[in-house]
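Colleague: Below: sequence and its predicted model.
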Amino acid sequence: FRLLAPSKAELTLKNEAGITPLMRFEMWVQTELANKPFEAAMAHLDKIRERFPDIPCISAAILDQNIVLTPVNSYIRQCRVGARTFGVRVWEPCLHNAALIN
């Protein structure tokens with residue numbers, strides 16, 4: 001990640017959905033190591049925060065943008081086109097845990 005987004009410009013560049021590389025990284029480090037926080041990545045995130053204290057943390061960005069984070073179910077759905085069958089990974093929100101921010 002250090003090589004992919006070394007500067008504030010890269011860390012805060014939003015995609016079409018308004019998500020930055022730093023936001024993705026921040027979410028990834030929370031669950032990457034066996035569905036638990038990844039300590040080495042958390043340490044790198046702390047260094048980013050020290051270097052760029054004016055970049056808001058993801059919780060503030062979520063509240064500002066009304067982004068809703070919900071747990072998701074992931075599974076492979078089998079599809080067929082002509083004689084060819086293949087699997088497509090699908091992600092769907094866990095509706096019983098969905099939360100809305102008004």
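Modeller: Everything's here; your move. Numbers count the residues shown, from 1 in each chain.

Colleague: for the chain, longest helix please?
Modeller: helix 39-51 (DSSP state H).

Colleague: contacting residues around that one?
Modeller: 1-2, 11, 22, 25-26, 28-29, 32-33, 55, 57 (Cβ atoms under 8 Å, 6 or more residues apart in numbering). C-beta: built from backbone N, CA, C; applies to glycine.

Colleague: Most neighbours of all those residues, which one?
Modeller: The residue in those with the most neighbours, by other Cβ atoms under 10 Å, is residue 22 (24 neighbours).

Colleague: how close does that residue sit to residue 50?
Modeller: Residue 22 sits 14 Å away from residue 50, going by Cβ to Cβ, to the nearest Å.

Colleague: what are the ranges of the helices in the chain?
Modeller: Using DSSP H, the helices of the chain run over 8-11, 21-31, 39-51, 58-65.

Colleague: worst average pLDDT in these?
Modeller: For the helices of the chain, the weakest mean pLDDT is recorded on helix 58-65, namely a mean of 55.

Colleague: Can I get the longest helix of the chain as PDB, trimmed to CA atoms?
Modeller: In PDB, the C-alpha atoms belonging to helix 39-51 read as follows (Å, rounded to 0.1, in the frame of the first residue of the first chain):
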ATOM      1  CA  GLU A  39      -1.800  -5.500  13.300                       C
ATOM      2  CA  ALA A  40       1.000  -4.700  10.800                       C
ATOM      3  CA  ALA A  41      -1.500  -2.900   8.500                       C
ATOM      4  CA  MET A  42      -3.000  -1.100  11.500                       C
ATOM      5  CA  ALA A  43       0.500   0.200  12.400                       C
ATOM      6  CA  HIS A  44       1.000   1.500   8.800                       C
ATOM      7  CA  LEU A  45      -2.400   3.200   9.000                       C
ATOM      8  CA  ASP A  46      -1.300   4.900  12.200                       C
ATOM      9  CA  LYS A  47       1.800   6.200  10.400                       C
ATOM     10  CA  ILE A  48      -0.400   7.500   7.600                       C
ATOM     11  CA  ARG A  49      -2.600   9.300  10.200                       C
ATOM     12  CA  GLU A  50       0.500  10.800  11.900                       C
ATOM     13  CA  ARG A  51       1.900  12.000   8.500                       C
END
